[in-house]
Structures are given as C-alpha cells and as structure tokens.
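K.L.:
Sharing a model that was predicted from the sequence below.
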Amino acid sequence: MADLHIDFAGIKSKNPFWLASGPPTNTGYQVQRAFDAGWGGAVWKTLGDPVINVTSRFSGLNYGGQRVAGFNNIELITDRPLEVNLREIRETKRAYPDHAIIASLMVEPKQEKWHEIVKRVEDVGVDGLELNFGCPHGMAERGMGSASGQVPELVEKQTYWTKEAAETPVIVKLTPNITDITATAYAAAQGGADAISMINTINSLMGVDLDTWNTIPNVAGKGTHGGYCGPAVKPIALSMVAECATQPDIPVPISGIGGIENWQDAAEFMLMGASSVQVCTAAMHHGFRIVEDMIDGLNNYLDEKGLASVSDLVGRSVSKYKKWGDLDLNHKVVARINQDYCIHCNKCHIACEDAAHQCIEFYTESDGTRALKVREQDCVGCNLCSIVCPAEGAIDMIDQPSDVSMTWNERQRLISTFGG
Amino acid sequence: MQEHQLYLDEKQKIDTLLENNFCIVGIIENLSGTFVAFKQAEETGNAPQATVQLLIPETRKYVTNLLFTSRLDQSVS
Ligand SMILES: Cc1cc2nc3c(=O)[nH]c(=O)nc-3n(C[C@H](O)[C@H](O)[C@H](O)COP(=O)(O)O)c2cc1C
C-alpha cells in the first residue's frame, strides 16, 4: 500500500482528495460526513459578506447517454452567517483533527476587509485559507470573485494583504476566465501565495429553452451567465495546471480542480504537477462515497507503478508538456484498419473524406466483399478516423519510426541561416 | 491528384538538382510556399542557378530534413 499522505504547502492531509468549495462543503454536517467517507480535506463553502441566492441555480448538460457531462451554476458564496460557519468549522476541526479544513474567503478588495476575515477564520483553527478570486457570476458584478481575479495587480495586492495577517498557508484560487492564467498565477506568487489552485468555474450560458425562449437555468424568466464545471471542463483545467507547472517563476504547489470524477482524473492532474486535487461536481452528482474508489484506485495504481508515495507521482509528466514549436515534425503515425474488428459502418471513410485527407478508400477483397483500407502514404496521422470509430480496436494508429527528430523551432533556426 | 504523388514530384525535382551537383543556397518562405534556391557547385563565374517552389508540407519538411541531417553529420564529424 502506497503512502497517500500529502503536505500541501504546509497543509497536511491523509490523502490528496479534497472537496472543493461549493455546495458539498456548505455545512459542518456535510463536511463531517465527507470526512467519514474518506475525504482528506475540505475547502469550506466561500465565506464573506452576507448574500441572497436566487432559485433556480443549477443546470446540467446531458450529452449523448451521459448525464451531467457539464454543470452550470449561478450560486453565490455562502448565504449563512459567518458566526454559524465559524462555529461549525471549529466543531468539525475538533472532531476531525487529522483532516484538513481550508477556509475559502471572498471580500471586497480592501486591506482591512482581508485582515478582519483572516483573523476570524484562523481563530477557529482552520489549516489554511483559499482566496476565491474565481466565481464568475454575481460576486464579480460587485468587484469580487473573477472581477478581482482577472486583474493581476489586484490578485497580487489582495494576496499580499492576506499574507500580512495570515498565519496559516494561503492558497490563491484562480479564475479560468482569463486569456493567460500564468499572468495571475505569477501575480499570486509575487503576492506571497503559498500555493495556487485552479480552476474555478468557466463563464457559460447552459442553453435556451426552445418552447419558452427562457435561458437555462432561469429565474422568473430571466437568466444570467453562470459558472461551468464538471467533466467537460477537465481538459481546460488540466492545460491550465500544465501551463503553471511548467513556469519556473511560479514556484508554488498547485491544487488541481476541474472535472475530476475518479482516480484516473486525479492521477492525470498529479502527473501534470498538482499535489492535491479538489472535487465539486462529481461529489454533487454521485455523492461523497466516490472517494472510496478514488483512494483504492490511486493506491493500486501507485503499487502497480512501484511508487511508495503519492508525492512520487506529482509532476512526472510536466517535462513532457512543451510549446508546439518544440514538437518533433518528423514523428509520424498512420491509421490502420483492423478488419477483424471493423463493423463496416463507414464512419472513418466519411470523416476522412469530408473532414480530413481523403485517404480511406474502399477496396474489394478476393471473396468479393468490400472493405476499407487506409492509403498510408497520404495519411497525416490526425487521429480523426480512430476518434469517430465506434468499434474498439478497429483502427490502430501505428508509429512510423524516423531516424532524426526536428522541431519547428530547430527548422526555423536552420532556415534563418539560409536567408529564410 | 493525391498529395503523396505531388510530394514525390516535388521531391524528384530536389533530388535531381542535388544529383547534378547543385546545392541549396537559400530558402525563403512566404504565403505562396517555400522557395528553395540552388546553385551548381564547383562552377566559377556564372554558375547555373535554379529555384524550386514547394507547395507540399511533406516536401518542405524533406528539404529542411536534408539540411538538418547534414548539419548534424557535420557537427558529429
Ligand atoms: C454549485 C456550485 C457552487 C460553487 N461555489 C463555489 C464557492 O462558493 N467558492 C469557490 O471557490 N468555488 C465554488 N464553486 C467552484 C468549485 O469549487 C470548482 O472550482 C469548480 O466547480 C470546478 O470543479 P468541478 O468540475 O469538480 O466541479 C462552485 C461550484 C458549483 C458547481
């Protein structure tokens, strides 16, 4: 059994699985049940000045057969009084001293506001703080959340103010609603952040009802943009983690968030540099007990890979994440159709004809049956045929070895010596 | 025509020039493709020159690979 304990910027937790700030961490009752189920830590539902929520607040994107492929919400931060939350945090921490409780905070961008809330939450014994610079709706209209989080100077300044007062580690939670997340990650590091976490939710409008012409979700017939999360956002979150993990001037631990549903997702984030992971939508969709599989799965995987500790996994794929210009132009793969598994649906042929390089053609076998074959010399190895193929194993992408590697950057340097 | 055939045609032009003692003296890339300038080696005065326009990505790669590997060979030897 591998060791799943982590020390994330000084926050200790018996495993890397934390509940992200959101509905599952709204109350002491929920967080305690989550800890009983096995979660190593929880980021409490964001605390701040009182708010009033609207109803309804959530919508789910069902895609194909999958329910909640994406999830959208227009919920604000906690609508419960600070005192109530603090009392429950204190009780929970007392009852679960070995579990990490991180207080998520959001206040106006004023030094005294940050100082006040930091002192009050640290008094009840939290293990760390997470600054919510991410919620894209509602709070942003009041200058908080992503409105703060999109301006590197404000991120740096507010992190600095927090650090002035904080005695526990400060995690800055970043918004993905920005062109280059490394700009705000860098600002957080400059402000003294002990760690960063990403991503909060992505600006979104889930849909429009074709009968009523109302937005989805709607509040008395009116709607607004919300925050998108769940499995659909995982690739976006993962690339943002990778972007930050590969920057030497962002030398702080990363907590990965966004679309994590199972141990495999978690392991991918960790390979890409996250040393803890946070989960919100999957816990809302499937309940707290998903963590049991996450723990078992990660444990087995680490054993399989011969790794004694989860920290040995962190960052192992970071050096493989490059700029496009550093990829090998000479590397080639071609598609090959495995006739034993092909179900003759012709989807690969249609995709290649209509949207790729027209290199999958019909031919007639000796017994007169028609089959599809890839004209390999014209195949550019784009993967489209294997992506659209519904029959597992029917299309393989085969490596074509090349002797020398040459990247675009190397090529351009070479050309420049020839006057190009 | 299939792109591979176009590649072979362009590659043939390059290989023929190289076989005839031409060497690459310039490469310019613009919206119309890659223009490779050749000059015949070991000729004095008005050495014959040629320019080949490459339209196919695979040939653009081919020509730079030729130069790239010869540079690598030189740096090794
Ligand atoms: C309904 C809902 C409410 C949320 N509330 C908060 C919040 O109060 N503070 C916060 O930092 N993030 C909040 N989030 C964002 C999540 O913590 C998380 O960053 C995001 O949902 C991406 O993770 P996921 O794909 O696992 O859900 C909320 C998300 C949802 C779905």
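P.N.:
Happy to help now that I have it.

K.L.:
Now residue 29: closest residue in space that isn't a chain neighbour?
P.N.:
No chain was given, so I picked chain A. Distances taken as CB to CB, 6 or more residues apart in numbering or on different chains place A:E88 nearest to A:Y29, at 7.9 Å, with adjacent residues excluded. For glycine as for every other residue, the C-beta is placed from the backbone atoms N, C-alpha and C.

K.L.:
that's the other chain; I wanted chain B
P.N.:
Closest residue to B:E29 apart from its sequence neighbours, by CB to CB, 6+ apart: A:G420 at 5.5 Å.

K.L.:
Enumerate every residue touching residue 38.
P.N.:
Chain wasn't specified; assuming chain A. The contact partners of A:G38, by CB atoms under 8 Å, 6 or more residues apart in numbering or on different chains, come to A:N15, A:F17, A:V291, A:E292, A:I295.

K.L.:
Correction: the question concerned chain B.
P.N.:
Residues in contact with B:F38 (CB under 8 Å, 6+ apart) are B:L17, B:F22, B:C23, B:I24, B:V25, B:Q49, B:A50, B:T51, B:V52.

K.L.:
want to throw those residues into JSON lines with neighbour count and pLDDT?
P.N.:
As requested, the contacts of B:F38 are exported to JSON lines (neighbours: other CB atoms under 10 Å in any protein chain shown; pLDDT from 0 to 100):
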{"residue": "B:L17", "neighbour count": "19", "pLDDT": "97"}
{"residue": "B:F22", "neighbour count": "22", "pLDDT": "95"}
{"residue": "B:C23", "neighbour count": "14", "pLDDT": "94"}
{"residue": "B:I24", "neighbour count": "19", "pLDDT": "95"}
{"residue": "B:V25", "neighbour count": "14", "pLDDT": "95"}
{"residue": "B:Q49", "neighbour count": "13", "pLDDT": "95"}
{"residue": "B:A50", "neighbour count": "14", "pLDDT": "97"}
{"residue": "B:T51", "neighbour count": "10", "pLDDT": "97"}
{"residue": "B:V52", "neighbour count": "19", "pLDDT": "98"}
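
K.L.:
so which of the residues you listed also contact chain A?
P.N.:
When contact is defined as CB under 8 Å from any CB of the partner chain, these meet chain A at B:I24, B:V25.

K.L.:
Sitting in strands, which of the contacts of B:F38 do you find?
P.N.:
Among the contacts of B:F38, the residues falling in strands (DSSP state E) are B:F22, B:C23, B:I24, B:V25, B:Q49, B:A50, B:T51, B:V52.

K.L.:
Next one, pLDDT for residue 70 please.
P.N.:
Answering for chain A, as no chain was given. Among the per-residue scores, A:G70 shows a pLDDT of 98.

K.L.:
You answered for a different chain; I wanted chain B.
P.N.:
Predicted confidence (pLDDT) at B:S70: the value is 87.

K.L.:
Switch the contacts of B:F38 over to a markdown table; also include distance to the ligand.
P.N.:
Written out in a markdown table, the entries for the contacts of B:F38 read as follows (distance: CB to the nearest ligand atom, whole Å):
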| residue | distance to the ligand |
| --- | --- |
| B:L17 | 57 |
| B:F22 | 59 |
| B:C23 | 57 |
| B:I24 | 53 |
| B:V25 | 56 |
| B:Q49 | 61 |
| B:A50 | 59 |
| B:T51 | 55 |
| B:V52 | 53 |
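
K.L.:
Closest to A:L327 out of the contacts of B:F38?
P.N.:
Closest to A:L327 out of those is B:I24 (24.5 Å), distances taken as CB to CB.

K.L.:
Let me see the contact set for the residue of the stretch 101-250 of chain A found nearest the ligand.
P.N.:
Using CB to the nearest ligand atom, A:C229 is the residue of the stretch 101-250 of chain A that sits closest to the ligand, at 3.2 Å. By CB under 8 Å, 6+ apart, the contact set of A:C229 is A:G70, A:F71, A:N72, A:N73, A:T201, A:I202, A:G258, A:G259, A:C280, A:T281.

K.L.:
doesn't A:T25 make contact with the residue nearest to A:Y29?
P.N.:
No: with contact defined as CB atoms under 8 Å, A:E88 and A:T25 do not form a contacting pair (10.6 Å).

K.L.:
Now the common contact residues for these two.
P.N.:
With contacts defined as CB under 8 Å, 6+ apart, the residues adjacent to both A:E88 and A:T25 are A:V31.

K.L.:
Same drill for those two, tell me which one is more crowded.
P.N.:
Summary of the neighbour comparison: A:E88 and A:T25, criterion other CB atoms under 10 Å in any protein chain shown, with A:T25 having more neighbours (27 against 20).

K.L.:
Which part of the stretch 51-200 of chain A gets nearest to the ligand, residue-wise?
P.N.:
Per CB to the nearest ligand atom, A:N73 is where the stretch 51-200 of chain A lies closest to the ligand, at 3.6 Å.

K.L.:
quick one: pLDDT of that residue?
P.N.:
The predicted local confidence for A:N73 comes out at a pLDDT of 96.

K.L.:
Tell me if the lowest-mean-pLDDT helix or strand in chain B is near chain A.
P.N.:
Taking all helices and strands of chain B together, the one with the lowest average confidence (mean pLDDT, DSSP states H and E) is helix B:57-76, at a mean of 87. Yes: against chain A, helix B:57-76 shows contacts by CB under 8 Å from any CB at B:K61, B:T64, B:N65, B:L67, B:F68, B:T69, B:R71, B:L72.

K.L.:
Which strands or helices does that helix pack on?
P.N.:
Using 3 or more CB pairs under 8 Å, 6 or more residues apart in numbering or on different chains; DSSP states H and E as the contact criterion, the neighbours of helix B:57-76 among helices and strands are helix A:408-416, helix B:3-19, strand B:22-30, strand B:33-40.

K.L.:
Just name the most buried of these.
P.N.:
Among the helices and strands packed on helix B:57-76, strand B:33-40 has the highest mean neighbour count (mean count of other CB atoms under 10 Å in any protein chain shown), at a mean of 19.

K.L.:
The residue of the stretch 201-350 of chain A found nearest chain B: how many residues sit nearby?
P.N.:
Scanning the stretch 201-350 of chain A for the residue nearest chain B gives A:L329, at 5.8 Å (criterion: CB to the nearest CB). By the measure other CB under 10 Å, the count of residues near A:L329 is 20.

K.L.:
I'd say it and A:W408 touch.
P.N.:
Yes: under the criterion of CB under 8 Å, A:L329 makes contact with A:W408 at 6.0 Å.

K.L.:
does A:R87 sit in a helix, a strand or a coil?
P.N.:
At A:R87, secondary structure determined by DSSP: H, G, I helix; E, B strand; the rest coil is helix.

K.L.:
Now the buried members of the residues of helix B:57-76 next to chain A.
P.N.:
B:K61, B:T64, B:N65, B:L67, B:F68 (16 or more other CB atoms under 10 Å in any protein chain shown).

K.L.:
The fourth one against A:R413, yeah?
P.N.:
No: assessed by CB under 8 Å, B:L67 is found out of contact with A:R413, at 11.1 Å.

K.L.:
Need the pLDDT of the residue of the stretch 201-350 of chain A closest to chain B.
P.N.:
pLDDT for A:L329: 97.

K.L.:
hang on, the earlier thing: return the closest of the contacts of B:F38 with respect to A:K320.
P.N.:
Relative to A:K320, the closest of the contacts of B:F38 is B:I24; by CB to CB it sits at 33.7 Å.

K.L.:
For chain A, which residues score under the pLDDT cut-off?
P.N.:
Of all residues in chain A, none has pLDDT under 70.

K.L.:
Any residues of it in contact with the ligand? List them.
P.N.:
With CB under 6 Å from any ligand atom as the criterion, chain A meets the ligand at residues A:20-23, A:45-46, A:58, A:71, A:73, A:75, A:77, A:104, A:132, A:134-135, A:173, A:200-201, A:229-230, A:233, A:257-260, A:279-282.

K.L.:
So which of the residues you listed are in helices?
P.N.:
Counting by DSSP state H, these place A:T281, A:A282 in helices.
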